[in-house]
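Chemist: Return atomic coordinates for the entry below.
(one chain, ligands or ions: 2)
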Amino acid sequence: MFKNFFDKFKNKDDEENKEIEEIEEKEENKEGDINLEEKNHDLSSEKEEELIEETNQEEEITEEKESFFSKLKKGLTKTRDNISNKIDTILASYQKVDEDLFEEIEETLISADVGVDSTMQIIDELTERVKLERIKDPQEVKSILISIMKQKLAEAVPNNNLDTSKSPTIILVVGVNGVGKTTTIGKMAAKLKQQGKKVMLVAADTFRAAAIEQLTEWANRAGVDIISHKEGADPASVVFDGIASAKSKNVDVLICDTAGRLHNKKNLMNELNKIHRVVEREYPEAYKETLLVVDGTTGQNAIFQAKEFKEVAELTGVVITKLDGTAKGGVVFPLEIELGLPVKLIGVGEQIDNLMEFDSDNFVDAIFN
Ligand SMILES: Nc1nc2c(ncn2[C@@H]2O[C@H](COP(=O)(O)OP(=O)(O)OP(=O)(O)O)[C@@H](O)[C@H]2O)c(=O)[nH]1
Ligand SMILES: [Mg+2]
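Modeler: Numbers count the residues shown, from 1 in each chain. Ligands and ions are numbered 1, 2, ... in the order given. Just a heads-up that it's a prediction; the model follows:
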């Protein structure tokens, strides 16, 4: 509307404007030389400022990357001690590369919960590469091992990204009790809110009142809305209400907490199916993620849970929590290599900002460097 208004005004005064422009042009040409000099001066100082700004931005990005990496390293201290330090000691104790050396590396990986299958694949490839590249010095084995571990993860899961760029997105968070579902949801909500997204939580773990209270606390901490019913309510109906509210408030990301305390697989399957049906029916336009949360300190148990949940739900990714408190960070490998599940986030502490995006190269670097 305003544009039309101004356009009209412009037409009316077009002739006058032309005259003024011509006069201004003449005047400008007169002062041409001086202005050019000034302009050049302005341009060079502008460029300088731009350069300084660019350098500052680059420095900020490098600093961010560094603080991300040091946070990751700190979170993985115990796993690093368990894998990297042991491997360093082994390599230092060998004069030449032989069968025993490979066996000791294999034992180390298995004891750090890398999983038998994944370890075998890694060791087979390591043996082959060492032979092919005629490696004689045990010290050179480490960098090859690192590159194989990165390669194996990248081949198994090319993309670990938790995609929240689409709006609306609905994330169902599942997992057995005590693994860290509610805490992870709180951390995720805070992160997404910081990115400028409108987030809403759904308390579909109606198993006990404390679960609803705990999620409400996290919603307050993160500064986002929450939809909840009373203890014992039908979880699918809470999700139904959550979707209705999300639609009316134009929410970008709706995150649903679910109960982990179900008696058996059939119960779990029924409840998750019911929730899925509601989501499909009421929110077909939403991009869906179903994240399984596993507790990193439980090692092989986490793998077992992932297998079970994979059978009853269409998982799009895994969150491994409590990696700060465990030397069993190796579980990433069987989850991705044996089960093909993308690890999308990792929990490295109880605080609101202790949730990190998973990147396989960074992960391997953090446990070896
Ligand atoms: N150290 C550490 N503790 C964590 C992390 N994530 C969660 N926790 C702790 O794990 C405990 C259980 O977390 P919850 O979020 O309540 O787990 P849940 O899966 O929702 O449990 P239920 O609702 O009982 O099924 C809490 O004490 C959390 O503080 C983490 O990354 N690191
Ligand atoms: Mg919970």
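Chemist: low-confidence ranges in this structure?
Modeler: By pLDDT under 70, the low-scoring segments of the chain are 1-44, 60-66, 262-263.
Chemist: Helix, strand, or coil at E314?
Modeler: Put simply, E314 is coil when judged by DSSP: H, G, I helix; E, B strand; the rest coil.
Chemist: Tell me the bridge partners for the residue nearest to it when sequence neighbours are not counted.
Modeler: Spatial nearest neighbour of E314, excluding adjacent residues (C-beta to C-beta, 6 or more residues apart in numbering): T290 at 5.9 Å. Heads up, the C-betas are built off the backbone N, CA and C, glycines and all. Using DSSP bridges, the beta-bridge partners of T290 come out as L172.
Chemist: and T290, what does it touch?
Modeler: Going by C-beta atoms under 8 Å, 6 or more residues apart in numbering, T290 touches 171-172, 174, 313-317.
Chemist: List just the nearest of those residues to ligand 1.
Modeler: V174 (9.5 Å; C-beta to the nearest ligand atom).
Chemist: What is the burial count for that closest one?
Modeler: 24 (other C-beta atoms under 10 Å).
Chemist: so it makes contact with K310?
Modeler: No - using C-beta atoms under 8 Å, V174 makes no contact with K310, being 10.8 Å away.
Chemist: Which residues of the stretch 51-200 of the chain lie near ligand 1?
Modeler: 175, 177-183 (C-beta under 6 Å from any ligand atom).
Chemist: Let's see that with 5 Å instead.
Modeler: By the rule C-beta under 5 Å from any ligand atom, the part of the stretch 51-200 of the chain lying against ligand 1 is 177-183.
Chemist: now the stretch 201-350 of the chain
Modeler: 211, 260, 321-322, 324-325, 347, 349-350.
Chemist: which of the residues you listed count as buried?
Modeler: For those, a burial check counting by 16 or more other C-beta atoms under 10 Å picks out 211, 260, 321-322, 324-325, 347, 349.
Chemist: Just the ones of these in strands?
Modeler: Using DSSP state E, the members of these that fall in strands are 321, 347.
Chemist: which two in the buried ones among the residues of the stretch 201-350 of the chain next to ligand 1 are spaced the farthest apart?
Modeler: A211 and D324 (23.3 Å; C-beta to C-beta).
Chemist: List the buried residues in stretch 75-91.
Modeler: For stretch 75-91, the neighbour count (16+ other C-beta under 10 Å) marks 75-80, 82-84, 86-87, 90-91 as buried.
Chemist: before we move on, what about stretch 348-362?
Modeler: Buried residues in stretch 348-362, defined by neighbour count with 16+ other C-beta under 10 Å: 348-349, 354-356, 358-360, 362.
Chemist: I'd like these written out as a markdown table, with secondary structure added.
Modeler: Shown next, in a markdown table, are these (three-state DSSP):
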| residue | secondary structure |
| --- | --- |
| V348 | coil |
| G349 | coil |
| N354 | coil |
| L355 | strand |
| M356 | strand |
| F358 | coil |
| D359 | coil |
| S360 | helix |
| N362 | helix |
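Chemist: hmm, which two among those are most spread apart?
Modeler: Pairwise distances across the buried residues of stretch 348-362 (C-beta to C-beta) peak at 20.9 Å, for the pair G349 and S360.
Chemist: Pretty sure K307 sits against L339.
Modeler: Yes - the pair K307 / L339 is scored as a contact, 6.7 Å apart, by C-beta under 8 Å.
Chemist: Which positions in this protein make contact with ligand 2?
Modeler: Remark: the part of the chain in contact with ligand 2 comprises 181-182, 211, using C-beta under 5 Å from the ion.
Chemist: ok, now with 8 Å
Modeler: Contacts of the chain with ligand 2, taken as C-beta under 8 Å from the ion, map to 177, 181-183, 205, 211, 214-215, 257, 259-260.
Chemist: Narrow those to those that are buried.
Modeler: Looks like those have 181-183, 205, 211, 214-215, 257, 259-260 buried, using 16+ other C-beta under 10 Å.
Chemist: Point out the ones among those that are inside helices.
Modeler: Judged by DSSP state H, helices contain the following of those: 181-183, 211, 214-215.
Chemist: ok, back up a step: distance to E103 for the residues of the stretch 201-350 of the chain next to ligand 1 - can I get that in a markdown table?
Modeler: Shown next, in a markdown table, are these (distance: C-beta to C-beta, whole Å):
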| residue | distance to E103 |
| --- | --- |
| A211 | 47 |
| G260 | 39 |
| T321 | 32 |
| K322 | 31 |
| D324 | 31 |
| G325 | 30 |
| G347 | 33 |
| G349 | 35 |
| E350 | 38 |
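Chemist: Of the contacts of T290, just say which sits nearest to T108.
Modeler: Distances from T108 to the contacts of T290, taken as C-beta to C-beta, are shortest for G317 (27.9 Å).
Chemist: Next one: that closest one from E336, what distance?
Modeler: Distance of G317 to E336, computed by C-beta to C-beta, to the nearest Å: 10 Å.
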